[in-house]
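Peer 1: Fold the following for me, if possible:
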Amino acid sequence: MVHHLGTKEFLLAAVEADRRKDIYSSLTGSASGLLGFTLAAVAILAAFGRRDTTTPDERSREDRLASARVGISKVLLTSAIFLMMILVTATAAIGMDDGKVGNFVPTTIIVAASLSSLIGLLVSGAGLTLSLVERSRGS
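Peer 2: Numbers count the residues shown, from 1 in each chain. Modelled structure (predicted):
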């Protein structure tokens, strides 16, 4: 399997140079848009504060919600790092990946970072949804 991957081009590496550059350009736009969205979500989560509580149960609930927001922010920031990797790698690849066969390194970095950021965004989106539902339940 490893020998096959090392000797046969795949994914972006198999696409002709002009189309690869178009894909890289598209990836930079998509990654920068998602990066902005991700950082905005972190800023919104940071703005949520604990509500005033009167009972120990409410205080405990607000502490759990605050902890969940911190965890979601960590996942979002990790996703932002992967999105930056896509952005930087695709931008560099526009200028350097012009051979007949695509370069293995940018292809691998972009595919791995794309999958990682996708998983992070899905997990944090689900966590954010659950956190907002839980917060609105206590109103």
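Peer 1: Listing request: residues of this structure with sub-threshold pLDDT.
Peer 2: Residues of the chain meeting the criterion pLDDT under 70: 1-10, 138-139.
Peer 1: one more time with 90
Peer 2: Low-confidence segments of the chain, defined by pLDDT under 90: 1-21, 44-69, 95-108, 127-139.
Peer 1: need the longest helix for it.
Peer 2: helix 56-96 (DSSP state H).
Peer 1: Which strands or helices does that helix pack on?
Peer 2: Contacts defined by 3 or more C-beta pairs under 8 Å, 6 or more residues apart in numbering; DSSP states H and E place helix 56-96 against helix 17-47, helix 104-137. Glycine gets a C-beta too; all of them are placed from N, C-alpha and C.
Peer 1: which residues sit in contact with the closest residue to Glu134 other than its chain neighbours?
Peer 2: Nearest-residue entry for Glu134: Leu65, 6.3 Å, with adjacent residues in sequence omitted and distances by C-beta to C-beta, 6 or more residues apart in numbering. Leu65 is in contact with 50, 131, 134-135, counting by C-beta atoms under 8 Å, 6 or more residues apart in numbering.
Peer 1: So Leu65 versus Leu77, what's the distance?
Peer 2: Between Leu65 and Leu77 the computed distance is 19 Å (C-beta to C-beta, to the nearest Å).
Peer 1: got it, and Leu122?
Peer 2: Taking C-beta to C-beta, one finds Leu122 at 16 Å from Leu77.
Peer 1: could the contacts of Leu65 go into JSON lines alongside neighbour count and distance to Thr107?
Peer 2: JSON lines is the format used below for the contacts of Leu65 (neighbours: other C-beta atoms under 10 Å; distance: C-beta to C-beta, whole Å):
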{"residue": "Arg50", "neighbour count": "13", "distance to Thr107": "45"}
{"residue": "Ser131", "neighbour count": "20", "distance to Thr107": "36"}
{"residue": "Glu134", "neighbour count": "13", "distance to Thr107": "41"}
{"residue": "Arg135", "neighbour count": "16", "distance to Thr107": "42"}
